[in-house]
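[1] Only the shape, not the letters, is given here:
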């Protein structure tokens with residue numbers, strides 16, 4: 001099942017290329033805000049599933065292209081992101097020490113929305129293509145062997161980054177900016193994904209394929225990620241755990257860009273990039289620069305802070 005919010009945060013379920021409004025079916029779930037509705041549904045999904053399926057069977061829905069897509073998880077309590085969690089196509093001898101960080105709920109935007117680059121002296125702005133786990137039930141000190149019992153589903157996730165900020169302790173300022181976590185377009189329930197540890201991840205910037213890797217390249221696998229995060233703090237239904245990226249295809253985001261992300265089986269997330277300062281960078285990926293003996297991100301070539 002593919003769950004999403006659309007228009008004025010009506011809850012919908014995908015039926016082919018159409019979306020069926022199931023808001024009436026879930027109206028009894030206590031909520032004041034959309035995220036309380038989706039997290040309540042996730043927590044009680046088994047009890048609601050048959051009624052939801054019947055509602056979808058009874059309606060043709062409307063074309064997805066005719067509605068405004070909203071973030072499927074508008075304001076998660078926790079957004080945990082794994083750090084340096086890929087083997088970079090065999091260029092790392094061993095996984096990095098397991099680590100993670102958090103992003104603000106205000107970083108969340110949906111498909112069709114806009115990532116806004118702040119007036120900050122970053123050397124480059126990049127977005128990392130990631131598979132995100134959506135937590136299905138309260139998870140504390142979960143063992144790796146039991147991890148998949150706690151995963152409700154999956155969604156596309158972008159980890160926006162303002163790299164190269166001055167100072168010695170800038171990770172929060174780098175990662176947790178407003179609009180720096182595009183997700184969606186929907187949540188795909190776990191039963192529809194045969195093997196989340198073998199999914200192709202592709203990101204296009206203005207139609208040019210930049211990131212193209214498989215989740216089998218993770219250094220710390222999904223089950224270990226769940227075990228690690230829940231050993232530190234509890235996760236609740238509707239929380240997000242993003243599993244990291246392969247950095248070799250990272251490329252600068254800049255004003256006017258249209259970025260698309262598709263993790264295999266999860267639909268395509270598309271969003272715009274806006275920079276009021278109109279700063280400019282080269283277009284090369286990390287890998288393209290590395291192959292020329294110029295490691296790192298493309299340098300800024302114009303605008304403030306260049």
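    All right, it came through fine. The shown structure was predicted, so the numbers you read here are calculated from the model rather than taken from an experiment.
[2] Contacts only, for residue 268.
    Residue 268 sits next to 111, 156, 185, 260-262 when contact means Cβ atoms under 8 Å, 6 or more residues apart in numbering. Every residue, glycine included, has its C-beta placed from N, CA and C.
[3] Mind checking which of those residues are in helices?
    When helices are assigned by DSSP state H, not one member of the contacts of residue 268 lies inside them.
[4] Give me the contacts around the helix or strand hosting residue 47.
    Here residue 47 sits within helix 45-57, counting by DSSP states H and E. Contacts of helix 45-57 from elsewhere in the structure, counted by Cβ under 8 Å, 6+ apart, are 1, 13, 15, 20, 22, 24-26, 41, 136, 152, 189.
[5] that older thread, which of the contacts of residue 268 has the largest number of neighbours?
    Neighbour counts for these (other Cβ atoms under 10 Å) peak at residue 156, which has 28 neighbours.
[6] how far away is it from residue 265?
    Look at residue 156 and residue 265: by Cβ to Cβ, to the nearest Å, they are 10 Å apart.
[7] same question, residue 257
    Distance, residue 257 to residue 265, by Cβ to Cβ: 25 Å.
[8] Neighbour count: these two, which is higher?
    residue 257 (20 against 16).
[9] Can you check the pLDDT for that one?
    If you check residue 257, the pLDDT there is 98.
[10] how much space between it and residue 145?
    Taking Cβ to Cβ as the measure, residue 257 and residue 145 are separated by 42 Å.
[11] In space, what's closest to the most centrally placed residue in the chain - neighbours in sequence excluded?
    For the chain, the residue nearest the mean C-alpha position is residue 157 (1.2 Å; Cα atoms, centre = their mean). Take residue 157 and drop its neighbours on the chain: the residue closest to it by Cβ to Cβ, 6 or more residues apart in numbering is residue 132, 3.6 Å away.
[12] partner strands of the very next helix or strand once past the helix holding residue 47, parallel or antiparallel?
    Using DSSP H and E, the helix or strand that follows helix 45-57 in sequence is strand 62-63. Strand pairing for strand 62-63, determined by DSSP bridges: strand 18-21 (antiparallel).
[13] so how far is the partner strand off the chain centroid?
    Offset of strand 18-21 from its chain centre (Cα atoms, centre = their mean, to the nearest Å): 22 Å.
[14] What is the next helix or strand after it packed up against?
    The C-terminal neighbour of strand 18-21 among helices and strands, as given by DSSP H and E, is helix 34-43. Using 3 or more Cβ pairs under 8 Å, 6 or more residues apart in numbering; DSSP states H and E as the contact criterion, the secondary-structure elements in contact with helix 34-43 are strand 2-6, strand 10-15.
[15] who wins for proximity to residue 195 among those strands?
    For those, proximity to residue 195 was assessed by Cβ to Cβ; strand 2-6 is nearest, at 18.1 Å.
[16] how about stretch 144-156: buried residues?
    Within stretch 144-156, the residues that count as buried by 16 or more other Cβ atoms under 10 Å are 147, 150-156.
[17] Tabulate the residues you listed (a markdown table), appending distance to residue 204 and secondary structure.
    Written out in a markdown table, the entries for these read as follows (distance: Cβ to Cβ, whole Å; DSSP: H, G, I helix; E, B strand; the rest coil):
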| residue | distance to residue 204 | secondary structure |
| --- | --- | --- |
| 147 | 31 | helix |
| 150 | 32 | helix |
| 151 | 27 | strand |
| 152 | 28 | strand |
| 153 | 24 | strand |
| 154 | 20 | strand |
| 155 | 18 | strand |
| 156 | 12 | strand |
